[in-house]
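Novice: sequence first, predicted model second:
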Amino acid sequence: MLRGELFATDMVRAYQEGRKLHTARPVKPQPTTTDFKWAEDREDIDQNKLAAYKQKAYQNVKVRAEQSRTSKHRPGDYIYCRETWAEYDRLYYRASEPDAAEPIENGDARWFKWRPSIHMPREAARLFFRVTKVEVMRLEDVDEQFALDDGFEPNDDFNDFARDQARGLRHSGIPVEVHYSTALSEFKDFWEQTYGPDARWMWVYWTEPCSREEAMCDGAMRKLQEVR
C-alpha cells in the first residue's frame, strides 16, 4: 500500500541528508493507560495489519479486538513525502530551493507562492520510502538517540532564558526560531506543538528510501490484491 505523510521542511532536509531513519505519528485513538503493548497473539485480527493491545485484555478475545489500535502503515508498505512545494515552469520544493523565485519581464524577481504540503498530490512527490519496521512507544520513553534518528539536531546557541522567550513568542503566533540544547528537547517540543500534550503514544515507522517506480508499482499491485 502506498500512502502519503506530511513532513515539515526541516524533516525533508533530514531525509535528504540521511539523518532521518524513522518517522513518528500518534496512535489514534490514544490509549488511556500505560498498560499497553504489542499483541503476542493476532489470531483474532486481520493478519495484514499490525495492532497493539492492553496487556490485561489478552485473555478475552472480544476485549482484545475492541481495545486494539491498528497502525496506518505496516512493513512492506510505502510512504511518499508530502512537502511544501510550488509549480510554475516545473516543480519546486522549498526544502531544496527556499529562495526560489520566478523571473519577470523587467528583470526583477517575484517570490513563489508556496503550496502547503497538505495540497501536494502523489504525482508531485519526489521522495518515496519503504516501511521496514513498525514499533509502538510512549513519548516518555523517547531518548536522545531516538530524537537524533528522527532527524532532530541540538542547537545550543540560545541560553535557557532566550529559548523560553522565543518559545513564548512562537506560541503567540510570531514565527521565530527556537534553538535547543538537545535533540530530545526539540523533538518533544515539536511533537506537543504538532499533536498536542495528550498525544503520549506513537507509532514509529522505520523506513528506507526507494525509487518512485518501486513504490508506485508495488503499491498498486498490493492494493489490487487487497481489493480482490
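Specialist: Nice, I can see it.

Novice: just name the shakiest helix or strand of this structure by mean pLDDT.
Specialist: In the chain, no helix or strand scores lower on mean pLDDT, DSSP states H and E than helix 160-171, which sits at a mean of 50.

Novice: what's the next helix or strand after that one packed up against?
Specialist: Counting by DSSP states H and E, the next helix or strand C-terminal to helix 160-171 is helix 183-195. The helices and strands touching helix 183-195, judged by 3 or more C-beta pairs under 8 Å, 6 or more residues apart in numbering; DSSP states H and E, are helix 144-149. Bear in mind the C-beta positions are built from the backbone N, C-alpha and C, glycine included.

Novice: pull the CA atoms of the helix it packs on into CSV?
Specialist: Extracted in CSV, the C-alpha atoms of helix 144-149 (Å, rounded to 0.1, in the frame of the first residue of the first chain):
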residue,chain,number,x,y,z
GLU,A,144,18.3,11.4,22.7
GLN,A,145,19.3,8.8,20.2
PHE,A,146,15.7,8.3,19.1
ALA,A,147,15.4,12.0,18.5
LEU,A,148,18.6,12.1,16.5
ASP,A,149,17.4,9.2,14.4
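
Novice: state the mean pLDDT of that helix.
Specialist: In this model, helix 144-149 carries a mean pLDDT of 97.

Novice: which stretches in this structure count as helices?
Specialist: 9-16, 61-66, 144-149, 160-171, 183-195, 212-227 (DSSP state H).

Novice: grab the nearest non-local neighbour of residue 20.
Specialist: Of all residues not flanking residue 20 in the chain, residue 151 sits nearest, at 3.4 Å (C-beta to C-beta, 6 or more residues apart in numbering).

Novice: I'd assumed residue 10 was in contact with that neighbour.
Specialist: Yes - contact criterion C-beta atoms under 8 Å: residue 151 and residue 10 qualify, at 7.3 Å.

Novice: how many residues are close by the spatially closest residue to residue 139 that is not a sequence neighbour?
Specialist: Counting by C-beta to C-beta, 6+ apart, residue 200 is the residue found nearest to residue 139 once chain neighbours are left out, at 4.9 Å. For residue 200, the count of nearby residues is 20 (other C-beta atoms under 10 Å).

Novice: next one, pLDDT for residue 200 please.
Specialist: For residue 200, the pLDDT comes out at 92.

Novice: which one of residue 151 and residue 10 has more residues nearby?
Specialist: Neighbour count, other C-beta under 10 Å: between residue 151 and residue 10, residue 151 has more, with 24 against 14.

Novice: can you tell me how far that one sits from residue 83?
Specialist: Remark: distance between residue 151 and residue 83 (C-beta to C-beta, to the nearest Å) = 13 Å.

Novice: let me know whether residue 24 touches residue 201 as I believe.
Specialist: No - using C-beta under 8 Å, residue 24 is not in contact with residue 201, being 10.1 Å away.

Novice: the more surrounded of the two?
Specialist: residue 201 (23 against 19).

Novice: how far away is the more buried one from residue 38?
Specialist: Note on residue 201: its distance to residue 38, by C-beta to C-beta, is 12 Å.

Novice: name the residues contacting each of these two.
Specialist: Each of residue 136 lies in contact with both residue 201 and residue 38 under the rule C-beta atoms under 8 Å, 6 or more residues apart in numbering.

Novice: show me the contacts for residue 126.
Specialist: With C-beta under 8 Å, 6+ apart, residue 126 has these contacts: 81, 91, 93, 212.

Novice: quick revisit: the helices of the chain: lowest mean pLDDT?
Specialist: Comparing mean pLDDT across the helices of the chain, the weakest is helix 160-171, with a mean of 50.
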